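**Q** need coordinates for the following:
(2 chains)
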Amino acid sequence: MTQSNPYLPLPVTIEKITIENEAKDLKTFRLRFQSDEDASSFKYECGQFAMLSIAGAGESPIGIASSPLDEGILEFTVKRYPTGVVTTALHNFDEGETIGVRGPYGNAYPLEQMEGSNLVIVSGGFAFTTLRSTIRYLLDDSQRSRFKKITVIYGARSPGELLYKDELAEWENRDDIEMVVTVDKGDEGWSGREGFVPTVLQEVSPSAENAYVLVCGPPIMLKFTMPPLLEMGFPPSRIITSLERKMTCGIGKCGRCNVGSKYVCKDGPVFTYEQLQQIPEAVL
Amino acid sequence: MKRGKIDKADLGKLLVAVSETAQCAGPVADRVGVKLEMLSADSALELAYDNFALSPKLWFFPRSEVIASGTGDALETTLLPEGETVLFGLRPCDAAALELLDKIFLDEAYLDPYYKNRRQNTTVVALACNEPDAACFCTSVGGGPGAGAGADVIAFDLGDALLFEALTDKGKALLTQHEKLLNAPTGDDDAAKTKVIADAGAKLKPVKTDGLADKLSGLFDAPVWEVIGERCVGCGTCTYLCPTCHCFGIYDEKAGEQVQRIRTQDACMFPQFTLEASGHNPRDTQGVRARQRVMHKFSYTVDNVGETFCVGCGRCVVHCPVNIDIREILEEVAA
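**A** Predicted coordinates for the structure are as follows:
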């Protein structure tokens, strides 16, 4: 008897591992499906996540960092926590080895709805991953003309903690995206901006006119980012963020990511600030 | 066959006949109470019981079950056995809970194959209540001592005999299969049935729940939750015994090269339930965890599937080690 099992991960090969930061606790894993059928059935959009599975360790929900236009591969940037069983195990894997993936899960950034608008992307720390997926997608030749001005404000604790350094440099050289990269505190080699993301956001003060803002970061950053955005005139319905909660199933059953009447895994992870204001437990 | 009657003295014979083509479980007495157990020829069948200490949801959503396994890096689905099961003697509240769990596990978007398999292969025969327990409050949450929701057949205890009524095609098939052992009910039987159910209903103390969901949504930040949290010891007994609580975790066990991915029941009453690897815990006090349980059952599920996820079985009331009584919380909220 064959039985469709939503809990069964699909086998993928780790094609490439990139160490992203000086602390070496952030790695990007490039994965390739072992079966063509799995590769073509796994269709995702910017902002979605998947469960990464390590047989013997368990599963973790991780945002997809590659672009839906990156054919045949999937990328995930994973932070290793000493208490994180799965992330620690994954960081001990080598290129060529097999892990599992199931998904994609959750909703996506509403790119259709954002078409023809100016886009402001605000991010801090390693929450940047699904926004990296989005930026890669937006900058693709087939997509860039659908959107107007794109401004990215991205911050990390220190220069060594910035993710995707090669891509950041590449994007800074383009004239169809404005990159504002900041660090909390620079070092000898750093000639760029210093300052927390909410402060830099206020300095840059992007126009709210015909604009959407995508914001992802740690809870403390989100808390201090919302007031300036509202002050700049962004309506709550156009402030879009992504929530994180501990998850088990990813499909709205296990109850773990329940906030108010919503499940972050299936009703989110993407919510507008307007929606979050209606969910007392999710208020930033 | 839609209805049939049997003398209680012949019930054993009927259940033996049922177990010839299906696994059959029923109420069996042991020294600590009455349990829903697989029946064998020498089982001590017992019909006088308030309810099973453990909710029959465990037959469909066990405490733990292997959902995938394998050796090395790839896992394969662990298949479930086929074959029919008949569960006899679920109280109407517990049967109604199955209909609620269906809304979670049989949701079209993502069918849960393990729950579905067991639900599909099981015929539920409920036994109406003549003597509700002091902690029961089914009629306050949409149920009743003779309600048939979630059951395929309901049996009424008429004293010397049981009256069976089929409620689904599966139930009709079961009665038809064993019609030789059943008699046709009479008008007197119907009158007796109406009386026992009315008598049972009259023994239930109603809990005021008017406008509960609406009121709860305005009480998210009310002080009542931390007051409950100060009493609650976070043992999770309420959630494990609850026939509708369905939260779970998935964990891997490894022995040598053999890996088993195991789903286990979990509970929103535990701090670890929402504790993230970073150390951040969005529900960091027992009060907010107690709030989550009440909100989920009486507000969020109403928003999502139009149902209150409480069937009034009273298990949490009876077994809470610090005597937290959900009925008192509901009345306080609804007041």
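**Q** and what about A:Glu59, helix, strand or coil?
**A** Following DSSP: H, G, I helix; E, B strand; the rest coil, A:Glu59 is assigned to strand.
**Q** give the closest residue to the residue in the stretch 101-250 of chain B positioned nearest to chain A in space, chain neighbours not counted.
**A** Ranking the residues of the stretch 101-250 of chain B by distance to chain A (CB to the nearest CB) places B:Cys247 first, at 3.5 Å. (Glycine included, C-beta is placed from N, CA and C.) Nearest residue to B:Cys247, sequence neighbours excluded (CB to CB, 6 or more residues apart in numbering or on different chains): A:Gly255, at 3.5 Å.
**Q** tell me who's in contact with the one you found.
**A** By CB atoms under 8 Å, 6 or more residues apart in numbering or on different chains, the residues touching A:Gly255 are B:His246, B:Cys247, B:Phe248, B:Asp266, B:Cys268, B:His296.
**Q** what confidence value was assigned to the residue nearest to the third one when sequence neighbours are not counted?
**A** What that stands for is B:Phe248. Distance criterion CB to CB, 6+ apart; nearest residue to B:Phe248, sequence neighbours excluded, is A:Cys254 at 4.9 Å. Turning to A:Cys254, the model gives it a pLDDT of 97.
**Q** doesn't A:Cys254 lie inside a helix?
**A** No: with three-state DSSP as the criterion, A:Cys254 is located in coil rather than a helix.
**Q** any figure for the gap between it and A:Phe224?
**A** Noted for A:Cys254: a distance of 32 Å to A:Phe224, by CB to CB, to the nearest Å.
**Q** out of the two, which sits in the busier spot?
**A** Shown here are A:Cys254 and A:Phe224; by other CB atoms under 10 Å in any protein chain shown, A:Cys254 has more neighbours (23 against 17).
**Q** residues touching the lengthiest helix in chain A, excluding its own?
**A** Using DSSP state H, we find that the single longest helix of chain A is helix A:219-231. With CB under 8 Å, 6+ apart as the test, helix A:219-231 has contacts from A:122, A:124-125, A:196-198, A:201-202, A:208, A:213, A:215, A:217, A:236, A:239, A:241, A:273, A:284, B:280.
**Q** residues contacting the nearest residue to B:Ala53 once chain neighbours are set aside?
**A** Excluding its sequence neighbours, the residue lying closest to B:Ala53 (CB to CB, 6+ apart) is B:Gly33, at 5.5 Å. B:Gly33 is in contact with B:Tyr49, B:Phe52, B:Ala53, counting by CB under 8 Å, 6+ apart.
**Q** give me the phi and psi for the first one.
**A** Phi and psi for B:Tyr49, reported as degrees, to the nearest 10, are phi -150, psi 150.
**Q** could you report the neighbour count for the nearest residue to it once chain neighbours are set aside?
**A** Leaving aside its chain neighbours, B:Tyr49 sits nearest to B:Val34 (3.7 Å; criterion: CB to CB, 6+ apart). For B:Val34, the count of nearby residues is 21 (other CB under 10 Å).
**Q** and the one helix or strand A:Gly103 maps to, what does it pack against?
**A** Using DSSP states H and E, A:Gly103 sits within strand A:98-105. Packing partners of strand A:98-105 (3 or more CB pairs under 8 Å, 6 or more residues apart in numbering or on different chains; DSSP states H and E): strand A:10-19, strand A:26-33, strand A:49-54.
**Q** chain B: which of those is closest?
**A** Nearest of the helices and strands packed on strand A:98-105 (CB to the nearest CB): strand A:10-19, 4.9 Å.
**Q** what's in contact with that closest one?
**A** Here strand A:10-19 has contacts from A:26-35, A:38, A:42, A:73-74, A:93-102, B:73-74, using CB under 8 Å, 6+ apart.
**Q** can you flag the buried ones in the residues you listed?
**A** A:26-31, A:33, A:42, A:74, A:93, A:98-102, B:73-74 (16 or more other CB atoms under 10 Å in any protein chain shown).
**Q** residues near residue 173, how many?
**A** Chain wasn't specified; assuming chain A. Neighbourhood size, A:Asn173 [other CB under 10 Å]: 9.
**Q** the chain in question should be chain B.
**A** B:Ala173: 14 neighbours (other CB under 10 Å).
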